[in-house]
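J.: Sequence and predicted model, in that order:
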Amino acid sequence: MSYNEQLQRIVKKYESAENPFPATALDIAQWAIEQRLWEPQRSMSSLFLNWPLSRV
């Protein structure tokens, strides 16, 4: 299954869970993370944290 298909499956699960729809990508992303359907790769987490830490 491609990454795009995995994301489409998350959107369908979001809809099936009777969440408000249409929804923003951010709404669906937050829900997917809360449901443990998606988590960032460790390397991405480091990149996200790197920028604010460089500003301190």
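T.: On my side now, so go ahead.

J.: How confident was the prediction at the residue sitting nearest the centre point of the chain?
T.: Centroid check for the chain by C-alpha atoms, centre = their mean gives Ala29 as the closest residue, at 3.3 Å. According to the prediction, Ala29 has pLDDT 95.

J.: name the element it belongs to?
T.: Element membership of Ala29 [criterion: DSSP states H and E] is helix 25-34.

J.: which other helices and strands contact that helix?
T.: On a contact count with 3 or more C-beta pairs under 8 Å, 6 or more residues apart in numbering; DSSP states H and E, helix 25-34 meets helix 3-16. C-beta: built from backbone N, CA, C; applies to glycine.

J.: returning to what we had before: isn't the residue nearest to the centre of the chain right up against Trp38?
T.: Yes: with contact defined as C-beta atoms under 8 Å, Ala29 reaches Trp38; the gap is 7.4 Å.

J.: ok now the helix or strand of the chain with the lowest mean pLDDT, how far from the chain's centre?
T.: Every helix and strand of the chain was ranked by mean pLDDT, DSSP states H and E. The lowest is helix 42-54, at a mean of 81. Between the mean C-alpha point of helix 42-54 and the mean C-alpha point of its chain there is a distance of 16 Å (C-alpha atoms, centre = their mean, to the nearest Å).

J.: same thing with stretch 43-56?
T.: The chain centre lies 18 Å from the centre of stretch 43-56; the measure is C-alpha atoms, centre = their mean.

J.: ok so, going back, now the helix holding Ala29 against helix 3-16, angle please.
T.: For helix 25-34 and helix 3-16, the angle between their directions (axes from the mean of the first three to the mean of the last three C-alpha atoms, to 10 degrees) works out to 90 degrees.

J.: Tabulate the CA atom coordinates of helix 25-34 in PDB.
T.: Output for helix 25-34, consisting of C-alpha atoms alone and laid out as PDB, is shown next (Å, rounded to 0.1, in the frame of the first residue of the first chain):
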ATOM      1  CA  ALA A  25      -6.100  18.600   7.200                       C
ATOM      2  CA  LEU A  26      -5.000  19.800  10.600                       C
ATOM      3  CA  ASP A  27      -8.200  18.400  12.300                       C
ATOM      4  CA  ILE A  28      -7.600  15.000  10.600                       C
ATOM      5  CA  ALA A  29      -3.900  15.000  11.400                       C
ATOM      6  CA  GLN A  30      -4.500  15.800  15.100                       C
ATOM      7  CA  TRP A  31      -7.200  13.100  15.300                       C
ATOM      8  CA  ALA A  32      -4.900  10.500  13.500                       C
ATOM      9  CA  ILE A  33      -2.100  11.200  16.000                       C
ATOM     10  CA  GLU A  34      -4.500  10.900  19.000                       C
END
